[in-house]
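In: just need the structure, nothing else, for what follows:
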Amino acid sequence: MEAQVAFTIDDDAPTTEVLPGRLVLVVGPSGAGKDTLIEATRLALAEDRRFVFPRRVVTRAASEAEDNIVADEDGFRAVAARGGFALSWQAHGHHYGIPSAIVADLAAARTVVINVSRSVIGEARRRWPDVTVVEVTAPAEVLAHRIAARARPSDGAGPERLARRFEGGDRPSADTTIDNGGELDTAIAAFLAAVVGS
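Out: Predicted structure coming up:
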């Protein structure tokens, strides 16, 4: 179970930062290909300053599939204590943070695209008025194959955890769901459309 570790606010608190930008939260299970779609879209929009793709700060080693900023736990906590993260959470024993610089991007009316945990969706929706949640999915067998090929222990890729990823419950709803279990170009096109709002 994922748990948010910083920047929590009351469940019934209203939006506190009325900024003209748009926040695109990308969620989905390990192995769904979130980072692949984000990177393809970042390249497609590289010349358009209206779109930004911040790097996450993570307390584990980077992998070939990701472009995270690596931090040790003490350093992460120090940045969090200074208010250096706009959003942060904990999953599989590691800390994840989105730099607070995204607030300036939102103030400048940019679209900010970030890969996050579902646990921060509620907070983001309370804090900012324009939030779009894009869920990236793939069939269970595709996820299992990709995770096994990646061989990253921090994914927690046991069969029980994979099964839990497909349970219902109180998961926050997504505005758009993209199946990334088939043709990659099709998924990229759908993701790009979700990001640009067409």
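In: every contact and neighbour count from this point should use C-alpha atoms.
Out: Will do.
In: now the strand or helix carrying W89: buried residues?
Out: Using DSSP states H and E, W89 maps to strand 85-91. Of the residues in strand 85-91, F85, A86, L87, S88, W89, Q90, A91 count as buried by neighbour count, 16 or more other C-alpha atoms under 10 Å.
In: isn't the third one right up against H95?
Out: Same thing as L87. No. When contacts are counted by C-alpha atoms under 8 Å, L87 is not listed as touching H95 (11.0 Å).
In: so how far is V112 from the closest residue to A101 other than its chain neighbours?
Out: Among residues not flanking A101 along the chain, A86 sits closest, at 7.6 Å (C-alpha to C-alpha, 6 or more residues apart in numbering). Applying C-alpha to C-alpha, to the nearest Å, the value for A86 to V112 is 12 Å.
In: between those two, what contacts are shared?
Out: I102 (C-alpha atoms under 8 Å, 6 or more residues apart in numbering).
In: re earlier: give me the next element, helix or strand, following the strand holding W89.
Out: strand 94-99.
In: now do the buried residues in the next helix or strand after that next one.
Out: Per DSSP H and E, the first helix or strand lying C-terminal to strand 94-99 is helix 102-107. Judged by neighbour count (16+ other C-alpha under 10 Å), helix 102-107 contains these buried residues: I102, V103, D105, L106.
In: with stretch 119-135 instead?
Out: 119-121, 123-135.
In: got the end-to-end distance for that stretch?
Out: End-to-end for stretch 119-135, by C-alpha to C-alpha: 13 Å.
In: can you check stretch 43-51 too?
Out: Distance between the two ends of stretch 43-51: 11 Å, counting by C-alpha to C-alpha.
In: ok, residues contacting it?
Out: So stretch 43-51 is contacted by A109, R110, T111, V112, V113 (C-alpha under 8 Å, 6+ apart).
In: leaving out the residues flanking it, which one is nearest to V70?
Out: Spatial nearest neighbour of V70, excluding adjacent residues (C-alpha to C-alpha, 6+ apart): V58 at 5.2 Å.
In: any idea how far that neighbour is from A148?
Out: Distance, V58 to A148, using C-alpha to C-alpha: 21 Å.
In: who has more neighbours, these two?
Out: V58 (22 against 15; other C-alpha atoms under 10 Å).
In: show me what the more buried one is bridged to.
Out: Beta-bridge pairing of V58 under DSSP bridges involves V70, Y96.
In: now R22
Out: Counting by DSSP bridges, R22 forms beta bridges with T111.
In: ok, it touching A107?
Out: No. The pair R22 / A107 is not scored as a contact, 9.4 Å apart, by C-alpha under 8 Å.
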